[in-house]
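Student: Quick check, what structure comes out for this input:
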Amino acid sequence: MLALGAFVVGTDGFIIVGLLPEISRTLHVSTGAAGQMVSLFSLAYATLGPILAAATGTWSRRRVLVAGVALLAAGNAVTASASNYGLVLASRTLAGAGAALFMASAVATAAYLAGERRRGKAIATVTAGATLALVLGAPLGTLIGGIWGWRAAIWFVAAIAAVVAAVVALLLPSVRLDRGATLRQRFAPLADRRVLNILVVTLLAFIAIFLPFTYMSAVFAPALDGEQSRLALLLLVFGVTATGGNLAAGALADRYDPRRVVIAATVGVTAVFMIMLPVREIFVLAVIATALSGIVSYSVIGPQQHRIITYASSGGAPLLTSLNTSAAYLGNFLSSIIGAIVLTRSAALLLPVGATFAACAALLTWWLSRGGDAVDEAGDPGGREVTPPRNAPSREQDRTP
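Tutor: Now for the predicted structure:
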């Protein structure tokens with residue numbers, strides 16, 4: 001159920017890219033101006049998510065999840081019906097806020113319900129919904145837009161979001177993660193250097209991951225030979241393998257130290273990007289390299305969420321997962337800026353630059369594991385778990401009138 005909501009969020013984030021030419025013509029703005037719809041969605045996701053997560057800390061998770069996906073549905077409904085460019089941009093901000101609120105709470109709720117032993121798998125299942133949007137959601141939305149127009153594609157997202165809101169409201173148990181913590185207590189983990197270290201690693205890793213992904217058409221231009229179908233195949237391969245890598249990383253994070261999974265994944269990203277350099281002109285080898293890239297790239301976010309939840313105070317899990325997701329979205333945003341600068345020199349340079357960021361993420365995670373953080377994440381009382389004791393009830397009924 002939560003994975004379906006994540007699928008809607010991911011589809012909403014990716015679908016605009018394929019609709020930009022028609023949107024710019026309809027709204028009578030440049031393609032660059034239309035592209036701000038993507039930027040504002042990502043910026044709202046990155047900045048408003050932690051604030052909303054803290055503000056709704058005392059709400060039941062069912063109420064938060066319904067509110068988040070309802071905001072996303074409302075934002076898309078306004079986007080699809082608006083003819084004014086300013087209103088369209090405002091609606092994308094609203095949709096981004098709803099997406100951030102839903103995803104932060106969905107990850108924390110899944111981790112709570114699954115328990116400590118299956119936490120990694122539960123988180124991976126939810127985030128797999130977002131990666132499936134690469135495979136199914138965005139292409140399907142683009143297809144709908146090509147047949148019935150871009151507004152129909154946006155209405156499609158709004159309709160699925162409305163269905164998810166109804167299903168969550170009816171079927172999800174009323175879980176509360178907060179036990180009356182104050183706003184100051186919920187923000188207390190931000191003073192913990194271990195939390196900040198995890199956020200820095202997520203930022204570095206996703207700058208690395210999105211540098212070649214965002215500019216895939218430029219990186220593999222010699223192999224694509226101007227054929228759009230080849231680019232579509234690369235995107236499909238990346239989406240499928242990213243989903244598999246995400247699920248596998250979740251299972252590994254449950255079985256082993258999630259820090260080791262992060263180190264292995266970021267080292268893998270470094271290696272794959274360097275391998276891409278000599279094979280980027282041969283399409284078959286480019287497909288293989290892209291498949292490997294998808295596996296290692298999306299093996300990062302799940303274990304990072306697993307790690308950061310360890311340091312959540314009472315009611316603080318949604319805030320920390322939101323901050324980690326915000327760091328990933330900020331990495332996406334910064335990668336587009338860095339990539340645009342690097343492209344002025346050479347598209348091939350995107351690969352070693354991305355590899356450098358990934359290597360920094362791996363080295364930082366390894367270096368910090370040499371200190372006391374490793375002990376805390378492994379189960380020191382300093383790391384406060386959000387999962388209840390085995391003899392305690394796993395959920396609390398919402399008695400709010």
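
Student: Please report how far residue 212 lies from residue 281.
Tutor: Computed as C-beta to C-beta, to the nearest Å, the residue 212 to residue 281 distance reads 15 Å. Where you see a C-beta, it was placed from the backbone N, CA and C, and this is true even at glycine.

Student: and the two? which has more neighbours close in?
Tutor: Using other C-beta atoms under 10 Å as the criterion, residue 212 and residue 281 rank with residue 212 on top: 28 against 14.

Student: Now tell me what touches stretch 87-99 from outside.
Tutor: With contacts defined as C-beta atoms under 8 Å, 6 or more residues apart in numbering, stretch 87-99 is touched by 9, 12-13, 16, 27, 36-38, 40-45, 48-49, 52, 67-76, 78-79, 82.

Student: cool, stretch 233-246 as well?
Tutor: 124, 127-128, 131-132, 134-135, 139, 213, 216, 220, 224, 265, 286-287, 290-299, 301-302.

Student: go with 7 Å
Tutor: Residues from elsewhere that reach stretch 233-246, judged by C-beta atoms under 7 Å, 6 or more residues apart in numbering: 124, 127-128, 131-132, 134-135, 216, 220, 286-287, 290-291, 293-299, 302.

Student: Show me just the buried residues among the contacts of stretch 87-99.
Tutor: The neighbour-count test (16 or more other C-beta atoms under 10 Å) applied to the contacts of stretch 87-99 identifies 9, 12-13, 16, 27, 36-38, 40-45, 48-49, 52, 67-76, 78-79, 82 as buried.

Student: Now do the buried residues in the longest helix along the chain.
Tutor: Longest helix in the chain by number of residues (criterion: DSSP state H): helix 85-114. Buried residues in helix 85-114, counted by 16+ other C-beta under 10 Å: 85, 88-114.

Student: ok now that helix, how far from the chain's centre?
Tutor: Its chain's C-alpha centre and that of helix 85-114 lie 11 Å apart, by C-alpha atoms, centre = their mean, to the nearest Å.

Student: Which SSE is immediately downstream of that helix?
Tutor: With elements assigned by DSSP states H and E, the helix or strand that comes after helix 85-114 is helix 119-132.

Student: what helices or strands is the helix or strand where residue 159 lies leaning on?
Tutor: Residue 159 belongs to helix 150-171 when assigned by DSSP H and E. Packed against helix 150-171 by the contact rule (3 or more C-beta pairs under 7 Å, 6 or more residues apart in numbering; DSSP states H and E) you find helix 2-27, helix 61-81, helix 138-148.

Student: Residues in contact with the second one: which ones?
Tutor: Where contact means C-beta under 7 Å, 6+ apart, the residues beyond helix 61-81 that reach it are 5, 8-9, 12, 56, 87-88, 91-92, 94-95, 97-99, 101-102, 105-106, 109, 151, 154-155, 157-158, 161-162, 164-165, 168-169, 172, 174-175, 177, 398.

Student: can you dump the C-alpha coordinates of it into PDB?
Tutor: Only the C-alpha atoms of helix 61-81 are listed here, as PDB (Å, rounded to 0.1, in the frame of the first residue of the first chain):
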ATOM      1  CA  ARG A  61       0.600   8.200  10.600                       C
ATOM      2  CA  ARG A  62      -2.600   7.300   8.800                       C
ATOM      3  CA  ARG A  63      -3.700  11.000   9.000                       C
ATOM      4  CA  VAL A  64      -0.300  12.200   7.900                       C
ATOM      5  CA  LEU A  65      -0.100   9.800   4.900                       C
ATOM      6  CA  VAL A  66      -3.600  10.700   3.700                       C
ATOM      7  CA  ALA A  67      -2.900  14.400   4.100                       C
ATOM      8  CA  GLY A  68       0.400  14.000   2.100                       C
ATOM      9  CA  VAL A  69      -1.000  12.100  -0.800                       C
ATOM     10  CA  ALA A  70      -4.200  14.300  -0.800                       C
ATOM     11  CA  LEU A  71      -1.900  17.400  -1.100                       C
ATOM     12  CA  LEU A  72      -0.100  15.700  -4.000                       C
ATOM     13  CA  ALA A  73      -3.500  15.000  -5.700                       C
ATOM     14  CA  ALA A  74      -4.700  18.500  -5.200                       C
ATOM     15  CA  GLY A  75      -1.500  20.000  -6.600                       C
ATOM     16  CA  ASN A  76      -1.700  17.900  -9.700                       C
ATOM     17  CA  ALA A  77      -5.400  18.800 -10.200                       C
ATOM     18  CA  VAL A  78      -4.500  22.500 -10.100                       C
ATOM     19  CA  THR A  79      -1.600  21.900 -12.500                       C
ATOM     20  CA  ALA A  80      -3.800  20.100 -15.000                       C
ATOM     21  CA  SER A  81      -6.600  22.700 -14.900                       C
END
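
Student: Buried by neighbour count: which residues of the host helix or strand of residue 329 qualify?
Tutor: Element membership for residue 329 (DSSP H and E) is helix 317-343. Residues of helix 317-343 classed as buried: 317-336, 338-339, 342 (neighbour count, 16+ other C-beta under 10 Å).

Student: do stretch 274-284 as well
Tutor: Across stretch 274-284, burial judged by 16+ other C-beta under 10 Å covers 275-276, 279-280, 283.

Student: Same check on stretch 118-125?
Tutor: By neighbour count on 16+ other C-beta under 10 Å, the buried set for stretch 118-125 is 118-125.

Student: For the residue lying closest to residue 154 once chain neighbours are set aside, give its distance to residue 88.
Tutor: Among residues not flanking residue 154 along the chain, residue 80 sits closest, at 3.9 Å (C-beta to C-beta, 6 or more residues apart in numbering). Separation of residue 80 from residue 88 (C-beta to C-beta): 9 Å.

Student: quick one: low-confidence ranges for the protein?
Tutor: Along the chain, the parts satisfying pLDDT under 70 run over 17-18, 31-32, 177-187, 228, 313-316, 371-401.

Student: need the contact list for the most centrally placed residue in it.
Tutor: In the chain, the residue lying closest to the centroid (C-alpha atoms, centre = their mean) is residue 325, at 5.6 Å. Taking C-beta under 7 Å, 6+ apart, we find residue 325 in contact with 49, 103-104.

Student: ok, now residue 354?
Tutor: 208, 211-212, 273.

Student: redo that, cut-off 10 Å
Tutor: Counting by C-beta atoms under 10 Å, 6 or more residues apart in numbering, residue 354 touches 207-213, 215, 219, 269-270, 272-274, 276, 293, 297, 335, 338-339, 342.
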